[in-house]
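Asks: Sequence and computational prediction follow.
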Amino acid sequence: MQQRTDRVARLLLKEISKVICEDIDDPKMGFVTILRVGVAKDLRSARICYSILGDEEARKAGDLAIQRHAKQIKFIVNKRVKLKYAVDFHFVREDGIDNAFRVEQLLNEIQKNTHPEESE
């Protein structure tokens with residue numbers, strides 16, 4: 001059963017990403033990246049983890065865009081993916097990638113400040 005949920009999760013990730021890129025005409029969705037999809041064992045619900053590139057204002061705008069288009073995304077994906085039941089989506093934003101990017105920037109700044117001759 002685990003293999004089936006994994007296959008469905010991969011399929012949903014692919015289709016949700018495609019819908020966001022091709023079917024949703026909202027510039028605020030441009031920086032939304034679907035990171036992973038977790039599917040319940042009964043295949044009736046899925047947790048979609050996403051990330052938004054940009055500052056806090058861009059993330060808030062992206063969150064609102066996801067909320068605004070969630071039903072449309074669900075409708076299109078469930079129409080394309082033929083399963084016994086329509087999958088219910090729960091979108092969850094993850095900031096791990098943004099935090100890692102920020103840490104990398106800070107480390108680069110520290111390195112430049114401690115070894116200024118290397119950066120020139």
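Replies: Perfect, thanks for sending it.
Asks: neighbours around Gln67, how many?
Replies: By other C-beta atoms under 10 Å, 10 other residues sit near Gln67. Every residue, glycine included, has its C-beta placed from N, CA and C.
Asks: What separation is there between it and Gly38?
Replies: 19 Å (C-beta to C-beta, to the nearest Å).
Asks: go on, Gly96?
Replies: 15 Å.
Asks: higher neighbour count, the two?
Replies: Gly38 (16 against 10).
Asks: Who does the more buried one form a beta bridge with?
Replies: When bridges are called by DSSP bridges, Gly38 pairs up with Arg47.
Asks: check contacts around it.
Replies: When contacts are counted by C-beta atoms under 8 Å, 6 or more residues apart in numbering, Gly38 touches 9, 46-47, 49.
Asks: Now restrict those to buried residues only.
Replies: Among those, the ones that count as buried by 16 or more other C-beta atoms under 10 Å are 9, 46, 49.
Asks: Pick the one among those closest to Thr114.
Replies: Comparing those against Thr114 with C-beta to C-beta picks out Cys49 as the nearest, at 35.9 Å.
Asks: what sits against that closest one?
Replies: Listed by C-beta under 8 Å, 6+ apart, the contact set of Cys49 reads 34-38, 92-94.
Asks: can you check Asp63 too?
Replies: Here Asp63 is in contact with 52, 93 (C-beta under 8 Å, 6+ apart).
Asks: pLDDT wise, what is it at?
Replies: At Asp63, the predicted lDDT confidence score is 90.
Asks: picking up where we left off before, please check the contacts of Cys49 and keep the buried ones.
Replies: Buried, going by 16+ other C-beta under 10 Å: 34, 37-38, 93, out of those.
Asks: Reformat the residues you listed as a markdown table; add distance to Ile16 and pLDDT.
Replies: Shown next, in a markdown table, are these (distance: C-beta to C-beta, whole Å; pLDDT from 0 to 100):
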| residue | distance to Ile16 | pLDDT |
| --- | --- | --- |
| Ile34 | 5 | 91 |
| Val37 | 7 | 94 |
| Gly38 | 12 | 93 |
| Arg93 | 14 | 90 |
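Asks: now, which of those residues sits nearest Val81?
Replies: The nearest one, if we look at those relative to Val81 and count by C-beta to C-beta, is Val37, at 11.4 Å.
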